[in-house]
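Q: Below are the sequence and a predicted model for it; my questions follow.
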Amino acid sequence: MSVKSKVLSAGVLFFLGGQMMLAQKAKNDTVQKEKKIEEVVIVGFGQKKVISELTGSVGKIGKEIADVSLGSIDKALAGRVPGVQTGMSTGQPGGAAAIRIRGMASVNGRNNPIVVIDGVRVAQGDLTQNTTTANILANLNEADIESVTVLKDAVSTAVYGADAGAGVVIITTKSGKRGRAQFNVSSETGVSYRAVEGYKSLTASQYRQLLAQSLANEKKVGYNMAYQNAVNGVYGGAIATIFNTPYDTDWRRETENTGGAVLSKVNASVSGGNDKITYFSSLGYFEQEGIVRNSSFKRTTFATKVNYRATDKLTLSSDLQASYGKTSTLSDGGTFANPILGQYFLRPTDPVRNPDGSYNLGVRNRMSNNLFNVAALQDLNYQHANTARIFGNLQAEYKFFKGLSYRFVFAPEFINIEEDNYRSPLHGDGFNLGGSMTSYSTRYFNFNIQNILSYAWKLGEVNNFSASLIQEAYKEDYRLVGGNSNVVGSPKLYTLDNFIIPRDVRGAKAINTRGGYAATLHYDYDKLFLLDLSGRQDKVSNFWPDKKTGYFWSAGVGIDLARLEFIKNIDAISQIKFSASYGKVGNMPSKDVIPYSTYRYSFNYGEQAGGYPRGVNNPDLRWESVKPFNAGLDLAFFKNRLNLGVAYYHKETSDMIFSIPLSLAQAGYTVVNSSPYAIKYVNVGTMSNSGFEFNISADIIKTEDFRWNLGGNLGTLNNKVTKLFGGNDVISGSRILREGEVANAFYMRKWAGVDRDTGKPLWYINGKDGETTSNYNQAKMEIQGSPYATLFGGVDTQIEIKNFTIDAQMSYGFGSKIYGGYMNYLFSDGQYVASYPGVADQLDYWTPENKDALNPAPIFGKGNLNASATSTRFLYKGDHLRLRSLKVAYTFNKNTLSGTGLSAVQIYLVGNNIWTYTFDKNLKFDPDFQVGGTSSLALPPMKTYSLGVNLTF
């Protein structure tokens, strides 16, 4: 059977294509073998379950992992698993991705799922202090991964207890198989570009045009006169310089790898074994440049896994993963050192370099508009994070007798992150400081210990039971040391002791512990009737003593009508399974949420220590509770050639944690503090997520030389806040929490376009439709949309024509809105045009000859009646389609390789994110950039084209 079948076929709700391909043996024999392999999925604590016995909801990917060249395994889930949404806050290589399983689990708590590797929970997310973004999972080599399983409902996740409310992602790494040693070497080289082109910046002539029109409208003169006055210096020397300079700088070309960012990866592995021992070992190297110069991610990995059958009863296994990653990032957001910001904020009339070839550093460290030369800062500054990770997983399993076994797990994880942020004394933020260096050393030392007793037995021929007792202990030991110093002794030496003036020292340490006991029970009557029960007690260190302990549970039932006698003999029907589950799991708050009254001493006056209250005592604070309900129907026909699935889910989160501001007197403080209030965290809110999931996978054609599989999945999401503190709205900027509405809904005035007669901006008075006004303050703020897609999923297909294979996968999302951050500067309608030019789309402005313009008439230094203030003018529809991966491969015949020493050779072309279509013509940035609905001036996501070869011998 093909590797493709082995790694794809274990999914429960949706098999992402190709799973039932026949091998080169007799059909009946092959189908039986495939069933034995395919109907297994890894669930909680490394336990294996047969698909037909599941009462919960899971999704799985396997072979598709090899098609991802994004540097982090979490990015491979997009569009492949029903009910799962992903997004990135930045296109930084090795950056973190947000994962949402069936909507949001919390408003202020944890929303990313637990990550489990080979049965053990591991650290996840961005663990850095001073880096734009990083992702500890990026230190895991995707070539070492066999499969990724997503657990979505209570019966699948309750065994993980207090922090399983956002779901669980289980990563299973590759193991050796019995047989002679098999070596595999693969190499891939590619090039990356912007996945979406984004906004164009203004050329010098366009900038002068916009500036002249803005001046004409402000001075109330004609365009030609305003232009000539600007040239002649009537409006000042600074304006005259813009109109008389010969320069025309394209700041995008100066700051980006416009010829393409290079990708390269090399992997080598060996695996094999015999009846006593199996092994798998690998080495890997990955390097990817970012779109912007001097942004990159490099990773070296080593992994080895050994399974040893010491006796007929005792099996020992060891799993070691070691990696070293180097991340180079750049400033982002609104900082003047951000190269993406500089592309739109710097004047195209300023040169990048002086006539002698040196960088133009302006006058007194500033360019003509008082900003920095970001191209120079890309070479003068640096921002690095070096991450070392070692993960061990030692297991011993003893089988007392048939059905009864005990497994011990000891899994330490060590992470050390060294960060340096250097600001040159020659230019930029470090200029007035004589240079600056901020360094951090972050260390995590985590332990996971498990004791698992499992027993499987039968009563008669049809009553099958299995049960487990689980004990788990987890400890996170965290330590941070950091410092900042100014005035560098030598620009060539970048350590803190080379700086003359120490400014700040920071240190922190924390130990978080948890212990849990769990029990599971499975029963089935000849696989016809199914029952799953589980319960867990968790005790965590985050809360007051009487709130440390929580109890979590789940129950699942199912019935497979295809097991009934009168249906079993119908060859066309393989499965008709109904299932349902319900339970209660927990959701942990963020680390900033504390239930204690504490003081922090970090502000000193001379030699006197200065402290301030940091928290308010609340002995009743506890974790959030999540109660997921799931009902599903799984159908399979024609010996599993056609698979269909539908599920309904409803997930309610209660006791959501919110911060309530109190006066110091209310908080019980008698000290004087610069802050007029303190923060108390309370359990008060309730929220629900509900929706449907659909999936289909069909082997449309299966012949010896031609095979075609087509699949797809669709998910819907209805998110709603159902209870808030006092029933009151919570407004934060352009977002609102309101009972009965989607969480973090966009709350702003509704843009009505441009007045055709006057060129003034218009908003709807009632915030919806009807009568309009040019008075911004007269327009009412209303809810204007959801930041989350309400319909999303993917489509995939696999085609095999003799030795050629084609794999393609597309994702889509509809129903979300995306707000453009910093758009008030990029479309300032003349208000900031002298300082920050903005984007080329501003040129579609109103004039008497262009009454249907997108933008109001620009007015120099003033803008046009708050036209660029927050409104739906910069709120876009996030509806989109994306071709996430396309792979074309050719595998050489074994006869062709005879005598070469090679057992398999494959060459392939693969593309990631190579095509994106947005339905809103005004949306110019990436549509699935971030789950949450706000786009900022961050590094853009990439599309990648790669050529690779895979050799096996």
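A: Arrived safely.
Q: where does the stretch 51-200 of the chain dip in pLDDT?
A: 69-70 (pLDDT under 70).
Q: Domain parsing of this protein, as residue ranges.
A: 3-193+262-334+376-731+788-818+879-952, 204-247+338-371+828-867, 745-785 (automatic domain parsing).
Q: Select, out of these, the one closest to residue 737.
A: Nearest of those to residue 737, taken as C-beta to C-beta: domain 3-193+262-334+376-731+788-818+879-952 at 4.0 Å. Yep, even glycine has a C-beta here, placed from its N, CA and C like the rest.
Q: Show me the helices in the stretch 851-953 of the chain, by range?
A: 894-897 (DSSP state H, counting those that start in this stretch).
Q: Strands of that one, start to end?
A: 875-877, 880-891, 904-918, 934-935, 942-952 (DSSP state E, counting those that start in this stretch).
Q: mean pLDDT for the ones you listed: which is lowest?
A: Sorting those by mean pLDDT places strand 934-935 lowest, at a mean of 83.
Q: Tell me which strands that one pairs with, and in which orientation.
A: Sheet pairing of strand 934-935 (DSSP bridges) gives strand 817-820 (parallel).
Q: Which residues does the strand it pairs with contact?
A: Taking contacts as C-beta atoms under 8 Å, 6 or more residues apart in numbering, the residues outside strand 817-820 that touch it are 734, 746, 784-787, 826, 874-878, 923, 925, 927, 929, 933-935.
Q: hmm, try it at 6 Å
A: 746, 785, 874-876, 878, 933-935 (C-beta atoms under 6 Å, 6 or more residues apart in numbering).
Q: Could you give the bridge partners of the closest residue to residue 463 other than its chain neighbours?
A: Spatial nearest neighbour of residue 463, excluding adjacent residues (C-beta to C-beta, 6 or more residues apart in numbering): residue 525 at 6.1 Å. Counting by DSSP bridges, residue 525 forms beta bridges with residue 463, residue 529.
Q: didn't residue 83 look like it was pressed against residue 695?
A: No: if you go by C-beta atoms under 6 Å, residue 83 and residue 695 don't touch, sitting 9.9 Å apart.
Q: Let's have the domains of the chain in TSV, adding distance to residue 739 and mean neighbour count.
A: What follows is the domains of the chain, written out as TSV (distance: least, C-beta to C-beta, whole Å; neighbours: other C-beta atoms under 10 Å):
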stretch	distance to residue 739	mean neighbour count
domain 3-193+262-334+376-731+788-818+879-952	6	19
domain 204-247+338-371+828-867	30	18
domain 745-785	12	18
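Q: As TSV, those domains with distance to residue 255 would be great.
A: Output for those, formatted as TSV (distance: least, C-beta to C-beta, whole Å):
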stretch	distance to residue 255
domain 3-193+262-334+376-731+788-818+879-952	6
domain 204-247+338-371+828-867	4
domain 745-785	31
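Q: Mind giving me the packing neighbours of the longest helix seen in the chain?
A: The longest helix of the chain (DSSP state H) is helix 204-219. Helices and strands touching helix 204-219, by 3 or more C-beta pairs under 6 Å, 6 or more residues apart in numbering; DSSP states H and E, are helix 223-231.
Q: helices and strands around the helix it packs on, which ones?
A: Checking 3+ C-beta pairs under 6 Å, 6+ apart, helix 223-231 ends up next to helix 204-219, helix 237-244.
Q: any chance you could map the helices in the stretch 701-850 of the chain?
A: Under DSSP H, counting those that start in this stretch, the stretch 701-850 of the chain gives helices at 823-826.
Q: hey, where'd the strands end up in it?
A: Assigned by DSSP E, counting those that start in this stretch, the stretch 701-850 of the chain shows strands spanning 706-716, 718-723, 730-732, 735-737, 745-748, 751-754, 761-764, 772-773, 782-785, 791-801, 804-814, 817-820.
Q: what's the spacing between the second one and its chain's center?
A: Strand 718-723 has its C-alpha centroid displaced from the chain centroid by 23 Å (C-alpha atoms, centre = their mean, to the nearest Å).
Q: Likewise for the first one?
A: Mean-position distance between strand 706-716 and its chain equals 24 Å (C-alpha atoms, centre = their mean).
Q: Equivalent analysis for stretch 916-934, please.
A: 16 Å.
Q: Now for the contacts of strand 817-820: which two are most distant?
A: Of all pairs drawn from these, the widest gap by C-beta to C-beta lies between 785 and 935 and measures 14.4 Å.
Q: Reformat the contacts of strand 817-820 as JSON lines; add distance to residue 451.
A: Compiled in JSON lines, the contacts of strand 817-820 are given as follows (distance: C-beta to C-beta, whole Å):
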{"residue": "746", "distance to residue 451": "49"}
{"residue": "785", "distance to residue 451": "50"}
{"residue": "874", "distance to residue 451": "55"}
{"residue": "875", "distance to residue 451": "53"}
{"residue": "876", "distance to residue 451": "53"}
{"residue": "878", "distance to residue 451": "47"}
{"residue": "933", "distance to residue 451": "44"}
{"residue": "934", "distance to residue 451": "45"}
{"residue": "935", "distance to residue 451": "48"}
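Q: any idea how far stretch 333-343 is from the chain center?
A: With C-alpha atoms, centre = their mean, you get 23 Å for stretch 333-343.
Q: for stretch 823-843, same thing?
A: That offset, for stretch 823-843, works out to 31 Å (C-alpha atoms, centre = their mean).
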